[in-house]
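Peer 1: no sequence on hand, only this structure:
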């Protein structure tokens, strides 16, 4: 399956919303490819994050599309030996890219901590040119955890949200409500401390 990323202009005519594609671009390989999130830089480049089926597993990816929507300028896949999915994307204060998602890999690149088991959420810091993953952190407990969205504060702190089935989610200030709960967490810019 090939994925087409569309940029739309919305026109309101006679009370109806009509979406007209201004430009479109295929992104992917010869298998299943999905885009989960996108963001536009100050320069007008479009960054997208998602996951792609590769060599028997899903890998996370982030790509940079030119402002004129004519070409893919950079494409970086990353992950470990298990399945890895990117769901959220934001820009860091230093101009890099922050990607969040879920992983079943115990060997994510440049991880500052260890895999907790059952499927963890992750945060990955990637350099501005999308050359490599600079740092990753696992976030979760002993069951399934995944991060769906991310934003960065003026101070550089990273905020993520998602869902967890873990009863031992790190630094939780309250008790779980049921089998699976939503969560929100604050992480320091260096990915070394979960604040809440």
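Peer 2: Thanks, I have the structure now. None of these values were measured; they are calculated from a predicted model. Numbering: from 1, shown residues only.

Peer 1: number of nearby residues for residue 31?
Peer 2: Around residue 31 there are 12 other residues, counting by other C-beta atoms under 10 Å. For the C-beta atoms, the positions are set from N, CA and C on the backbone; glycine is no exception.

Peer 1: kindly apply the preceding question to residue 152 instead.
Peer 2: 16.

Peer 1: find the nearest non-adjacent residue to it, please.
Peer 2: residue 90 (5.2 Å; C-beta to C-beta, 6 or more residues apart in numbering).

Peer 1: how about that neighbour: which residues does it bridge to?
Peer 2: residue 98 (DSSP bridges).

Peer 1: which helix or strand in this structure has the lowest average pLDDT?
Peer 2: Lowest on mean pLDDT, DSSP states H and E among the helices and strands of the chain sits strand 3-13, with a mean of 40.

Peer 1: low-confidence ranges in this structure?
Peer 2: Within the chain, the stretches with pLDDT under 70 are 1-21, 196.

Peer 1: wait, isn't residue 171 in contact with residue 194?
Peer 2: Yes: if you go by C-beta atoms under 8 Å, residue 171 and residue 194 touch, sitting 4.7 Å apart.

Peer 1: report the set of residues contacting both of these two.
Peer 2: Counting by C-beta atoms under 8 Å, 6 or more residues apart in numbering, the contacts common to residue 171 and residue 194 are residue 185.

Peer 1: of those two, give the one with the bigger neighbour count.
Peer 2: Using other C-beta under 10 Å as the criterion, residue 171 and residue 194 rank with residue 194 on top: 19 against 12.

Peer 1: so where does residue 185 fall, helix or strand?
Peer 2: Using DSSP states H and E, residue 185 sits in strand 181-187.

Peer 1: buried set for that strand?
Peer 2: Residues of strand 181-187 classed as buried by neighbour count (16 or more other C-beta atoms under 10 Å): 181, 183, 185, 187.

Peer 1: chain center to that strand, what's the gap?
Peer 2: 15 Å (C-alpha atoms, centre = their mean, to the nearest Å).

Peer 1: one more: stretch 175-184?
Peer 2: That offset, for stretch 175-184, works out to 21 Å (C-alpha atoms, centre = their mean).
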